[in-house]
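J.: what would the 3D arrangement of this be:
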Amino acid sequence: MITLLDGGLGQELVARSGDAPTPLWSTQVMIDHPGLTQGLHADYFAAGASLATTNTYALHHDRLIRAGIDEHFDGLFAQALDEACGACAAHGRGAVAGSLGPLVASYRPETLPPHAEAVARYAEVAAILAPRCAVLLAETVASLAHARAVIEGAAGAARAHGRALWLAVTVMDEDGTRLRSGEALADLATLDLPDAVLVNCAPPEAIDAAIPILATLGRPFGAYANGFTHIAPAFLKDSPTVAALTARSDLTPEVYADFALRWVAQGATIVGGCCETTPAHIAELARRLAAAGHQITEGAP
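T.: Got it, this is the predicted structure:
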């Protein structure tokens, strides 16, 4: 059985909105275009996805405070959950995964707050998501310290509500055996790992190198790659926008499915797409999985 994740939310929402990118990324799109996120969730379900991932990746106090809108924290979580759950209900099957994105910034492990603060902030988010989500999905985890904090922070809500907790780490563009921090991916084995371990938001070529390592960790594993040419230095500055990043032109749905089917052949049971993948990528992946004789789950495994 294969769990088929959805594809990218943030980049696709920005593209569908037609608006210029802002540091709030897909959160700004959700504010300005209510219902657009639910429509994208619906398109991913129609493409064959098992899960809808909530548009909460960038919903953290630090980002909302910088934008002067932290008073909308609870309301934005409610909206993101309503849109994901609404698409799930309309589709009649599937489940919702609650996204816990990085605190402060993506790909920058040095910005992680002190451990106790990070744990508390993740616990707050997990407590909001868990009642309405089948899975808590910690995304783009860039270091061992980040992994420890999000696992500790989210574990209580996951246990209290009987939810799965999945850890998705991000590896270096040029070396898929190392986290963005430079630490060895294999050192995840030193942690109290949650229910599944994945790699996300890295090039599929880097994930090719990561998959054999994930296979040694004793947990269900998988991956969902991005479609960026690379993570540009301009994106690693404070309050960047995605205008600093460039999409690849070669990562067609067919090419992406080739990568993902290789991961499945090595034992991956959770696959999907990250930034710059679209419903077309997920539809092709669903088609190829079915053609290869794999059954796709209709929700969380």
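
J.: can we go C-alpha only for contacts and neighbour counts from here?
T.: Fine.

J.: can you pull out the strands in this protein?
T.: Using DSSP state E, the strands found in the chain span residues 3-4, 51-53, 95-100, 135-141, 164-169, 171-172, 175-179, 196-200, 221-225, 270-273.

J.: need those in a markdown table with mean neighbour count, can you?
T.: Output for these, formatted as a markdown table (neighbours: other Cα atoms under 10 Å):
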| stretch | mean neighbour count |
| --- | --- |
| strand 3-4 | 26 |
| strand 51-53 | 29 |
| strand 95-100 | 27 |
| strand 135-141 | 27 |
| strand 164-169 | 24 |
| strand 171-172 | 27 |
| strand 175-179 | 23 |
| strand 196-200 | 25 |
| strand 221-225 | 28 |
| strand 270-273 | 27 |
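
J.: tabulate those in JSON lines, adding columns for distance to Ala20 and mean pLDDT.
T.: Formatted as JSON lines, the strands of the chain follow (distance: least, Cα to Cα, whole Å; pLDDT from 0 to 100):
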{"stretch": "strand 3-4", "distance to Ala20": "30", "mean pLDDT": "98"}
{"stretch": "strand 51-53", "distance to Ala20": "23", "mean pLDDT": "98"}
{"stretch": "strand 95-100", "distance to Ala20": "24", "mean pLDDT": "98"}
{"stretch": "strand 135-141", "distance to Ala20": "24", "mean pLDDT": "98"}
{"stretch": "strand 164-169", "distance to Ala20": "28", "mean pLDDT": "98"}
{"stretch": "strand 171-172", "distance to Ala20": "28", "mean pLDDT": "98"}
{"stretch": "strand 175-179", "distance to Ala20": "31", "mean pLDDT": "98"}
{"stretch": "strand 196-200", "distance to Ala20": "25", "mean pLDDT": "98"}
{"stretch": "strand 221-225", "distance to Ala20": "24", "mean pLDDT": "98"}
{"stretch": "strand 270-273", "distance to Ala20": "23", "mean pLDDT": "98"}
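
J.: among those strands, which is nearest Thr27?
T.: With Cα to Cα as the criterion, Thr27 lies closest to strand 95-100 of those, at 12.8 Å.

J.: may I have the strands that pair with the closest one, each with its orientation?
T.: Partner strands for strand 95-100, per DSSP bridges, with pairing direction: strand 51-53 (parallel), strand 135-141 (parallel).

J.: how about these, which one is nearest Ala89?
T.: The nearest among the strands paired with strand 95-100, by Cα to Cα, is strand 51-53 at 11.0 Å.

J.: would you map the helices across the stretch 1-150 of the chain?
T.: Counting by DSSP state H, counting those that start in this stretch, one finds helices in the stretch 1-150 of the chain at the ranges 10-17, 26-32, 36-47, 61-67, 73-91, 115-129, 144-161.

J.: deepest-packed of the ones you listed, please.
T.: Most buried of these, by mean neighbour count (mean count of other Cα atoms under 10 Å): helix 36-47, with a mean of 23.

J.: so that helix versus strand 95-100, what angle?
T.: Counting by axes from the mean of the first three to the mean of the last three Cα atoms, to 10 degrees, helix 36-47 lies at 130 degrees to strand 95-100.

J.: thinking again about what came up before, could you point out which of the helices of the stretch 1-150 of the chain sits nearest Ala300?
T.: helix 73-91 (12.2 Å).

J.: how deep is the residue nearest to Ala189 when sequence neighbours are not counted tucked in, by neighbour count?
T.: Using Cα to Cα, 6 or more residues apart in numbering and skipping the chain neighbours, the partner closest in space to Ala189 is Leu217 (6.0 Å). Neighbourhood size, Leu217 [other Cα atoms under 10 Å]: 17.
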